[in-house]
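# Whatever this is, show me its structure:
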Amino acid sequence: MSRVPLVEAAHADARVEPLLARIDGAFGTIPNMFRAVANSPAALQSMWGSFGAFATGSLGAALTEQIAVAVAERNRCRYCLAAHTALGANAGLSGASLAAAQQARADDPRTEALLAFAVELVEHRGQVDPRSVDGLRAHGWSDEQIVETVAQVALNLFTNYINIALGVPVDFPEVPFRESAQRGGRDL
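Sure thing, here's the model as predicted:
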């Protein structure tokens with residue numbers, strides 16, 4: 001059960017109504033995460049604005065969904081794992097690719113290096129080894145893509161924390177976690 005109200009569009013603050021209308025237009029519904037975030041007009045504007053900015057980013061939809069799945073798995077965020085698995089399928093990723101991304105794996109070594117970096121960012125709270133950045137460059141990733149990856153991880157931490165801390169009910173098809181061992185957090 002959600003620890004904050006899930007805002008109904010019909011009863012939304014005037015500051016969030018236009019954003020909820022755009023979200024509804026994009027998804028054909030207003031996912032529970034956005035309904036929870038709508039309790040704060042500033043937070044909703046920040047989150048939706050970030051998603052919009054990355055829509056034209058250098059990583060592309062499929063790769064950003066793989067990053068989101070890897071981060072959600074690492075943080076054990078059921079909501080984000082379910083949502084980004086569905087969005088990843090919509091971006092053309094196979095079920096096998098999305099399952100591999102949960103463990104920061106990919107058939108392509110270049111993609112796998114970027115996913116491993118994303119997970120390293122999460123595990124070490126941004127304190128990555130400088131050789132990790134050099135390794136990404138050696139795999140052909142540009143500085144733009146490296147910076148965008150850090151920003152994508154930060155956005156996914158935001159969404160993971162919203163969903164975990166506030167107990168947002170999952171409204172996408174649920175996806176099981178791949179790792180059997182729990183790493184330092186509660187399984188929510």
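
# what comes up buried for the longest helix anywhere in the chain?
Ranked by residue count, the top helix of the chain under DSSP state H comes out as helix 143-165. The neighbour-count criterion (16 or more other CB atoms under 10 Å) identifies 145-146, 148-149, 152-153, 155-157, 159-160, 162-164 as the buried residues of helix 143-165. (Each C-beta comes from the backbone N, C-alpha and C, glycine too.)

# can you check stretch 11-20 too?
For stretch 11-20, by 16+ other CB under 10 Å, it's A12, V16, E17, L19, L20.

# Contacts for the helix or strand harbouring the fourth one next, please.
Under the criterion DSSP states H and E, the helix or strand holding L19 is helix 17-27. Applying CB atoms under 8 Å, 6 or more residues apart in numbering, the external contacts of helix 17-27 come out as V7, A9, A12, I30, P31, F34, R35, A38, P41, L44, Q45, W48.

# Run through the helices of the chain in chain order.
17-27, 32-37, 41-54, 61-75, 78-90, 95-102, 109-123, 130-138, 143-165.

# average pLDDT for the third one?
In this model, helix 41-54 has an average pLDDT of 96.

# thinking again about what came up before, what would the helices of the chain look like in TSV with distance to R178?
As requested, the helices of the chain are exported to TSV (distance: least, CB to CB, whole Å):
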stretch	distance to R178
helix 17-27	26
helix 32-37	22
helix 41-54	25
helix 61-75	6
helix 78-90	9
helix 95-102	4
helix 109-123	12
helix 130-138	22
helix 143-165	16
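
# Which among those is found nearest to R3?
In terms of CB to CB, the element of those nearest to R3 is helix 143-165, at 7.5 Å.

# Against which helices or strands is that closest one packed?
The contact analysis (3 or more CB pairs under 8 Å, 6 or more residues apart in numbering; DSSP states H and E) places helix 143-165 against helix 32-37, helix 41-54, helix 61-75, helix 78-90, helix 109-123, helix 130-138.

# 6 Å - rerun?
Secondary-structure packing of helix 143-165 (3 or more CB pairs under 6 Å, 6 or more residues apart in numbering; DSSP states H and E): helix 61-75, helix 78-90, helix 109-123.

# same question for that helix, mean pLDDT?
In this model, helix 143-165 has an average pLDDT of 98.
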